[in-house]
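Visitor: below are the sequence and a predicted model for it; my questions follow.
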Amino acid sequence: MPTHSSRSFFALLVGVLALSVSASEPISHSVQWLLFEIVEDGVVTNKRAALDIYASQSVNGKPWAEARVAVLTIDHAKRRVELDPFYCSTDRGTIRDLRIDDDVLSFEMMPFPLSPDRPIRIVASREGKSSIYRVSGAGIWSNFFTKNPMTIEWKQVSSIELPYRTIGR
(Lines give C-alpha, C1' and ligand atoms only; values in the text may rest on other atoms or scores of the structure.)
Protein backbone atom coordinates (compact mmCIF):
# COMPACT_ATOMS: atom_id res chain seq x y z
CA MET A 1 0.00 0.00 0.00
CA PRO A 2 1.52 3.37 -1.05
CA THR A 3 2.35 5.83 1.65
CA HIS A 4 1.19 9.43 1.77
CA SER A 5 4.66 10.67 0.80
CA SER A 6 4.88 8.37 -2.24
CA ARG A 7 1.41 9.53 -3.41
CA SER A 8 2.49 13.15 -2.99
CA PHE A 9 5.70 12.48 -4.92
CA PHE A 10 3.73 10.76 -7.70
CA ALA A 11 1.28 13.70 -7.90
CA LEU A 12 4.18 16.17 -8.04
CA LEU A 13 5.90 14.12 -10.77
CA VAL A 14 2.72 14.02 -12.88
CA GLY A 15 2.34 17.79 -12.46
CA VAL A 16 5.93 18.51 -13.51
CA LEU A 17 5.61 16.20 -16.53
CA ALA A 18 2.36 17.89 -17.57
CA LEU A 19 4.02 21.31 -17.39
CA SER A 20 7.03 20.19 -19.40
CA VAL A 21 4.80 18.67 -22.11
CA SER A 22 2.69 21.82 -22.41
CA ALA A 23 5.78 24.07 -22.37
CA SER A 24 7.37 22.14 -25.22
CA GLU A 25 4.45 22.54 -27.65
CA PRO A 26 5.49 24.65 -30.63
CA ILE A 27 4.08 28.14 -31.16
CA SER A 28 2.37 28.29 -34.56
CA HIS A 29 0.69 30.98 -36.63
CA SER A 30 -1.53 30.53 -39.67
CA VAL A 31 -2.57 33.80 -41.28
CA GLN A 32 -5.00 33.19 -44.11
CA TRP A 33 -5.17 35.45 -47.17
CA LEU A 34 -5.30 38.95 -45.80
CA LEU A 35 -5.79 41.83 -48.21
CA PHE A 36 -3.78 45.04 -48.54
CA GLU A 37 -3.63 48.32 -50.39
CA ILE A 38 -0.07 49.26 -51.27
CA VAL A 39 0.81 52.85 -50.39
CA GLU A 40 3.93 54.64 -51.66
CA ASP A 41 4.94 57.87 -49.91
CA GLY A 42 1.40 58.26 -48.54
CA VAL A 43 -0.40 57.70 -51.87
CA VAL A 44 -2.48 54.59 -52.61
CA THR A 45 -1.02 52.94 -55.73
CA ASN A 46 -2.59 50.79 -58.44
CA LYS A 47 -1.30 47.70 -56.59
CA ARG A 48 -3.09 45.48 -54.10
CA ALA A 49 -1.79 42.38 -52.34
CA ALA A 50 -3.04 39.19 -50.71
CA LEU A 51 -0.82 37.53 -48.10
CA ASP A 52 -0.88 34.04 -46.59
CA ILE A 53 1.60 33.15 -43.79
CA TYR A 54 2.49 29.91 -41.99
CA ALA A 55 5.07 30.05 -39.22
CA SER A 56 6.12 27.89 -36.30
CA GLN A 57 8.61 27.83 -33.47
CA SER A 58 9.47 24.13 -33.41
CA VAL A 59 10.12 22.08 -30.30
CA ASN A 60 13.88 22.14 -31.00
CA GLY A 61 13.72 25.95 -31.06
CA LYS A 62 14.34 26.49 -34.77
CA PRO A 63 11.75 28.86 -36.25
CA TRP A 64 10.53 28.55 -39.83
CA ALA A 65 8.06 30.47 -41.95
CA GLU A 66 6.67 30.65 -45.43
CA ALA A 67 4.58 33.34 -47.10
CA ARG A 68 2.60 33.37 -50.30
CA VAL A 69 2.00 36.78 -51.82
CA ALA A 70 -0.24 37.65 -54.74
CA VAL A 71 0.26 41.18 -56.09
CA LEU A 72 -2.60 42.55 -58.15
CA THR A 73 -1.71 45.47 -60.44
CA ILE A 74 -4.57 47.46 -61.94
CA ASP A 75 -3.59 48.24 -65.54
CA HIS A 76 -5.93 50.95 -66.83
CA ALA A 77 -4.26 51.06 -70.27
CA LYS A 78 -5.02 47.37 -70.92
CA ARG A 79 -8.26 47.48 -68.89
CA ARG A 80 -7.30 44.43 -66.84
CA VAL A 81 -5.70 43.32 -63.59
CA GLU A 82 -2.28 41.65 -63.68
CA LEU A 83 -1.61 38.90 -61.14
CA ASP A 84 1.92 38.16 -59.91
CA PRO A 85 2.37 35.38 -57.33
CA PHE A 86 5.46 35.17 -55.11
CA TYR A 87 6.70 32.66 -52.53
CA CYS A 88 9.05 33.40 -49.62
CA SER A 89 10.44 31.07 -46.96
CA THR A 90 13.15 30.73 -44.36
CA ASP A 91 14.42 27.71 -46.32
CA ARG A 92 14.96 29.85 -49.42
CA GLY A 93 16.46 32.71 -47.43
CA THR A 94 13.72 35.10 -48.60
CA ILE A 95 12.38 35.38 -45.05
CA ARG A 96 14.84 36.57 -42.44
CA ASP A 97 14.89 38.08 -38.95
CA LEU A 98 11.96 35.86 -37.95
CA ARG A 99 10.49 36.39 -34.47
CA ILE A 100 7.68 34.20 -33.16
CA ASP A 101 5.80 34.80 -29.91
CA ASP A 102 2.41 33.55 -28.71
CA ASP A 103 0.50 36.50 -30.16
CA VAL A 104 2.98 38.26 -32.48
CA LEU A 105 4.88 37.19 -35.57
CA SER A 106 7.36 39.42 -37.39
CA PHE A 107 9.88 39.01 -40.19
CA GLU A 108 11.44 40.66 -43.19
CA MET A 109 10.60 39.15 -46.58
CA MET A 110 12.05 39.66 -50.02
CA PRO A 111 9.16 38.67 -52.28
CA PHE A 112 10.46 40.15 -55.52
CA PRO A 113 13.25 37.98 -57.01
CA LEU A 114 14.47 40.72 -59.34
CA SER A 115 14.58 43.27 -56.51
CA PRO A 116 16.17 41.68 -53.43
CA ASP A 117 17.02 45.19 -52.19
CA ARG A 118 13.28 45.84 -51.63
CA PRO A 119 12.35 43.96 -48.46
CA ILE A 120 9.02 44.30 -46.67
CA ARG A 121 8.87 44.15 -42.85
CA ILE A 122 5.76 42.21 -41.79
CA VAL A 123 4.25 42.35 -38.30
CA ALA A 124 1.21 40.17 -37.51
CA SER A 125 -0.59 40.45 -34.16
CA ARG A 126 -3.16 37.86 -33.16
CA GLU A 127 -6.24 39.17 -31.36
CA GLY A 128 -6.38 37.05 -28.19
CA LYS A 129 -6.52 33.31 -28.87
CA SER A 130 -8.57 33.80 -32.04
CA SER A 131 -7.44 33.29 -35.62
CA ILE A 132 -7.96 36.99 -36.38
CA TYR A 133 -4.76 38.93 -37.14
CA ARG A 134 -3.93 42.58 -37.67
CA VAL A 135 -1.05 42.68 -40.13
CA SER A 136 1.01 45.53 -41.48
CA GLY A 137 3.90 45.73 -43.87
CA ALA A 138 6.44 48.49 -44.40
CA GLY A 139 9.66 49.21 -46.20
CA ILE A 140 11.95 52.01 -47.29
CA TRP A 141 13.05 51.59 -50.88
CA SER A 142 15.02 53.59 -53.36
CA ASN A 143 12.91 55.11 -56.14
CA PHE A 144 13.82 53.49 -59.48
CA PHE A 145 14.05 56.81 -61.32
CA THR A 146 15.21 59.43 -58.79
CA LYS A 147 17.04 57.04 -56.41
CA ASN A 148 15.48 59.01 -53.52
CA PRO A 149 14.16 56.96 -50.59
CA MET A 150 10.42 56.27 -50.56
CA THR A 151 8.25 54.62 -47.94
CA ILE A 152 6.15 51.59 -48.76
CA GLU A 153 3.22 50.56 -46.61
CA TRP A 154 0.93 47.56 -46.89
CA LYS A 155 -2.32 48.76 -45.33
CA GLN A 156 -4.68 45.94 -44.37
CA VAL A 157 -8.19 46.26 -45.83
CA SER A 158 -11.29 44.07 -45.54
CA SER A 159 -11.88 43.87 -49.30
CA ILE A 160 -10.43 44.90 -52.64
CA GLU A 161 -12.57 46.34 -55.39
CA LEU A 162 -11.19 45.67 -58.86
CA PRO A 163 -12.34 47.82 -61.79
CA TYR A 164 -11.89 45.10 -64.44
CA ARG A 165 -13.10 41.51 -64.70
CA THR A 166 -10.12 40.28 -66.70
CA ILE A 167 -7.11 39.00 -64.77
CA GLY A 168 -3.91 38.22 -66.64
CA ARG A 169 -0.29 37.62 -66.00
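Guide: That came through fine.
Visitor: report how many residues lie close to residue 52.
Guide: Look at residue 52: counted by other Cβ atoms under 10 Å, it has 15 neighbours. C-betas here are computed from N, CA, C, even on glycine.
Visitor: list the beta-bridge partners for it.
Guide: Legend: beta-bridge partners of residue 52 under DSSP bridges are residue 68.
Visitor: confirm residue 136 sits in a helix?
Guide: No - Residue 136 is assigned strand when assessed by DSSP: H, G, I helix; E, B strand; the rest coil, not a helix.
Visitor: count the residues that sit near it.
Guide: By other Cβ under 10 Å, the burial measure for residue 136, its neighbour count, is 16.
Visitor: and the closest residue to it other than its chain neighbours, bridged to which residues?
Guide: The spatially closest residue to residue 136, leaving aside those adjacent along the chain, is residue 123, at 5.5 Å (Cβ to Cβ, 6 or more residues apart in numbering). Residues in a beta bridge with residue 123, per DSSP bridges, are residue 106, residue 136.
Visitor: list the residues that contact residue 123.
Guide: Applying Cβ atoms under 8 Å, 6 or more residues apart in numbering to residue 123 gives the contacts 104, 105, 106, 135, 136, 137.
Visitor: could I have the buried ones of these as PyMOL selection syntax?
Guide: Selection of the buried residues among these in PyMOL, burial being defined by 16 or more other Cβ atoms under 10 Å:
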select buried, resi 105+106+135+136+137
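Visitor: which other residues reach the strand or helix carrying residue 54?
Guide: When secondary structure is defined using DSSP states H and E, the element that contains residue 54 is strand 43-57. Outside of strand 43-57, the residues within contact range by Cβ under 8 Å, 6+ apart are 26-39, 63-76, 98, 100, 105, 107, 122, 124, 135, 137, 154, 160, 162.
Visitor: and the strands in this structure, which stretches?
Guide: Along the chain, the segments classed as strands by DSSP state E run 27-40, 43-57, 63-75, 80-89, 95-100, 104-109, 120-126, 133-142, 149-157, 167-168.
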